[in-house]
Structure formats: structure tokens, C-alpha cells
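Student: can't give you the sequence, but here's the structure:
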Ligand code: HEM
């Protein structure tokens, strides 16, 4: 039975949001988790872009499509807040991370943080990660059943110690910090979960304490010395008018940035590896481009010299958006595409399924990187048709960093290895948390003799 979320104010020409809410609290959670694509499609066909239902213990309005995404992300009336919406999912572990701040305060922090993502800084991060990539992938063992996801996850985690923390750690300490980091992320990204103390939740809270203690201990030294890592950059970041981060800010932002950077890049690289295994002609095309560069390590100046890698990265981010949904809390009554949304509602932008809408993407299930080529540019159908990095005030601050890291890793891997999957293989994509292959994406990895 279709019901309305709330009646629009008398005399307004706004429409009520309709939906099939399901059982209170639980609602459509299982269907959405199991098959977000089919569920989104059905809702869109039944109710249009804006509908509501119970999801993950809350009354949730799902706002589908790029037009809704634009309205919410641009947030002209400041009706949509990040903090209360994201805190519900990740608050205890990523407390006061920049994505959880709002409005004036967020802008203030964002201006300072921008200083850690300047061109000069990015160049230094890129140089810092090259040796770690070489060692990391050099240790990969060729053969059948090589799990791409697990190896890439480990690699990005190891790189985080160099590029993000810049602290020399003995193995035991590195393992302890990595372990805490994994627990915090796992607690934070477990989508099927309510804020009830449970095992994962408690582990996450303990992990948060370990990370806080770690960063606080190293902070005085970082304040003293300059360095090419993000930790040093956040310690030194200063706006033109002299604003800097407090010690607490640095700790909170470091813990959040580690999380924001890690799983997202891992998912992007894994999706690219999957598509390049299924489409060997694309893998060869990218390899040829990398070889043509004639150098084993990608440099900052080479970032624009891999156009096919760009196309494949964009198409992979379209097919599997690493952040599958962006939540916002409505802080004052507002309207969205002519629908009345009362204060207190949580609105979700489903980026994962938006990228598969046939209204905006011809043949959306087809891997077709050329759709982003200059003569086609299907993403130009709407400014928010392709929005894996979000948009508006909270648009991903690390998007160039992500491109740099993905390309640096891919370049070295393409020169050293070839990989394949059996014909007809399709990965089992788990969409209950951040999207990832349930089987870890096993490939046959082959070492190339002359790289
Ligand atoms: C392909 C990889 C990545 C994807 C798809 C991605 C996606 C996103 C998205 C969708 C948001 C917006 C969230 C919202 O509006 O609620 C975001 C925010 C953010 N991302 Fe990324 N991200 C990636 C990599 C990174 C990296 C590598 C870093 C850090 C080096 C990073 C740092 C951040 C930060 C700090 C924010 C919060 C910005 C703010 O609230 O002002 N991300 N990211």
C-alpha cells in the first residue's frame, strides 16, 4: 500500500512524497541490500524520482537521478546537513571528520584542509608512494587464484603508512595501527547495522581510541618538522588569514582521511582490474600506453599522458560508485523537485544506482569506456549524471589524489603483470556495505618478462 510521508503545508503547491514503506524500521532494507539496482528501478517506475520507505531503522527518502542529486548537493537553502546523517552510520569512529561537519564550520575546516591538497603537496605524495608501490607489487606471487581485492587493499593500507602518516614504525606497531584502522573502517562501513552495541561496534570504538592515542603521541614531533606526508601537511596547513587546525582537529581529520582514501581507491582499482580482465583488448591498450611512456614509475607530469586509463577509470567509477549512497538530514522543511520534505527526514542519494539509469546512460550495463571520449561525452547529459565524487561543498577533496594513486599503481602493474579471468566469469558483487567482490576477485596473474 502506498502511503505519504507527510502532508504538504496547506496552500502550498508541493506534492507529498509517496512510497511503500514496508514494516517499520526494517522496511525495504533487505531488498535494497540484496539487489539495489532492481529495487531502485522498481521504485522509480512506481513513484518517480522521490519516494520514501523504512531503511536501516529510519524513515528514508530516496532521491534518484541527477536532478535530485544536484538540488541536494548544491544545497542552496542549506536545508540538507551532513553531520547528523553520516553520524548515524559512522559517527563514533569518524567523529568530527570533515565530512561530518556542516555549513560555516565545515567551510572553515575545508579552507585549511585545502592547503594539504595543493599541487605541490600532491606531487610530493605521488613521489612518496612510488617506492612502496614497487615493493608491494614486486612481492605479488603469480599464478591462478590471485585475489585482486585482498592484495590491493593490503597495498593501499601499506601506502597509507608512508604517504598519510609518514612515521617510521616497527612491524609490530605498524600491524597494531593497521589493525585498529581496519576495525574502525569495518565498523564504519558495515551498512547492515544499527547503532546498538555489538561486537563490531565495540571493536570500532576501541580502534578509534587506539588511533587517537597514536596520532596524539606523534603530533608534537610532526608540528616541529616539515614532511611530505598528509599528517605533516595537516599540522602545517594555514590559510592566508592565519587559520590553522588545533591538535584535536588534526587527529580527527587524519582518522577520517585514512578511511576516506583507503576503501574508495581499493574499490576503484578492483573494478578496473575486473573490467580489464574481462576486456583484454582494453588491458592491452592501457599497457601499450604505459609502455609508450618508457619509464617504470609514473611521474606527476605524466598524469595526463594516459588517456585510455582515464576512460577506464571513469567508466569503472560509473559502473561501481565506491561510495554507493550519500545521506543527508533535512534540518528545516524544504522542497525537492516539487515534493515536500519535512525537517528531520533523512534523504539518500543513491549514486551507485543513479549511474545505471537508462534515462541518462545508453546501454548502462555495458562496459564502454569510450562513452567518456571527447566525441561522445555521455556524462555531459547532466552535470550530476556522473558523480562518484559527490558535488557541492563536500565534494571529494581527494579526487586528484585518488586519480594519482590509481594511475601510479595501475601503471606499474600493467608493466609487470598480465591478468585474466575465465570466459564468462562474473564477479559476485556484495552491496551490503561499500561494494566489493565477495570472492575477492580471483584472477590468473602472469609475470611479464620484459618490463
Ligand atoms: C576513487 C576514490 C574516491 C571516491 C569515489 C571518493 C568519493 C567521495 C565522495 C562521494 C565524497 C562526498 C561525500 C558526501 O558528500 O557526503 C567524498 C568526500 C571526501 N573524500 Fe573522497 N573519494 C575518493 C578518494 C578519496 C581520497 C584518496 C581522499 C584523501 C586523500 C579522500 C578524502 C575525502 C574527504 C576528506 C572528503 C570529505 C570532504 C568534505 O566533507 O568536505 N577521498 N569522497
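Tutor: Done, it's in. Worth saying up front: this structure is predicted, and the values here are computed from it rather than measured. Residues are numbered from 1 along each chain as shown.
Student: which outside residues touch the lowest-mean-pLDDT helix or strand in the chain?
Tutor: Ranking every helix and strand in the chain by mean pLDDT, DSSP states H and E puts helix 29-34 at the bottom, with a mean of 76. With contacts defined as C-beta atoms under 8 Å, 6 or more residues apart in numbering, helix 29-34 is touched by 38-40, 54-56, 191-192, 431-432. Where C-beta positions appear, they are placed from N, C-alpha and C, glycine not excepted.
Student: can you tell me which of those residues are buried?
Tutor: Using 16 or more other C-beta atoms under 10 Å as the burial test, the contacts of helix 29-34 include 39-40, 54-56, 191, 431-432 as buried.
Student: the ligand next: which of these are close?
Tutor: Checked against the ligand using C-beta under 6 Å from any ligand atom, the buried ones among the contacts of helix 29-34 give no members in range.
Student: can you identify the element that follows the least confident helix or strand of the chain toward the C-terminus?
Tutor: Counting by DSSP states H and E, the next helix or strand C-terminal to helix 29-34 is helix 36-47.
Student: may I see the buried residues of that following helix?
Tutor: For helix 36-47, by 16+ other C-beta under 10 Å, it's 36-37, 39-41, 43-44, 47.
Student: among the contacts of helix 29-34, which are in strands?
Tutor: Counting by DSSP state E, the part of those found in strands is 54-55.
Student: pipe the contacts of helix 29-34 into JSON lines and attach pLDDT per row.
Tutor: As requested, the contacts of helix 29-34 are exported to JSON lines (pLDDT from 0 to 100):
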{"residue": "38", "pLDDT": "91"}
{"residue": "39", "pLDDT": "91"}
{"residue": "40", "pLDDT": "93"}
{"residue": "54", "pLDDT": "84"}
{"residue": "55", "pLDDT": "81"}
{"residue": "56", "pLDDT": "75"}
{"residue": "191", "pLDDT": "53"}
{"residue": "192", "pLDDT": "50"}
{"residue": "431", "pLDDT": "88"}
{"residue": "432", "pLDDT": "80"}
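Student: tell me the one of the contacts of helix 29-34 nearest residue 307?
Tutor: residue 431 (30.5 Å; C-beta to C-beta).
Student: how near is the closest one to the ligand?
Tutor: 15 Å (C-beta to the nearest ligand atom, to the nearest Å).
Student: I figured that residue hits residue 352, correct?
Tutor: Yes. Shown here, residue 431 and residue 352 form a contact pair, counting by C-beta atoms under 8 Å, at 7.2 Å.
Student: hey, what's in contact with both of these two?
Tutor: In contact with both residue 431 and residue 352: 36, 324, using C-beta under 8 Å, 6+ apart.
Student: for the ligand, what's the nearest residue on this protein?
Tutor: Going by C-beta to the nearest ligand atom, the ligand is nearest to residue 398 of the chain, at 2.1 Å.
Student: burial count for that residue?
Tutor: 20 (other C-beta atoms under 10 Å).
Student: isn't it right up against residue 260?
Tutor: Yes. If you go by C-beta under 8 Å, residue 398 and residue 260 touch, sitting 6.3 Å apart.
Student: looking at residue 189 now. What's its pLDDT?
Tutor: Per-residue confidence (pLDDT) for residue 189: 61.
Student: need the residues of the chain near the ligand, please.
Tutor: 82, 98-99, 110, 257, 260-261, 264-265, 268, 322-323, 326, 388-390, 394, 396-398, 401-402.
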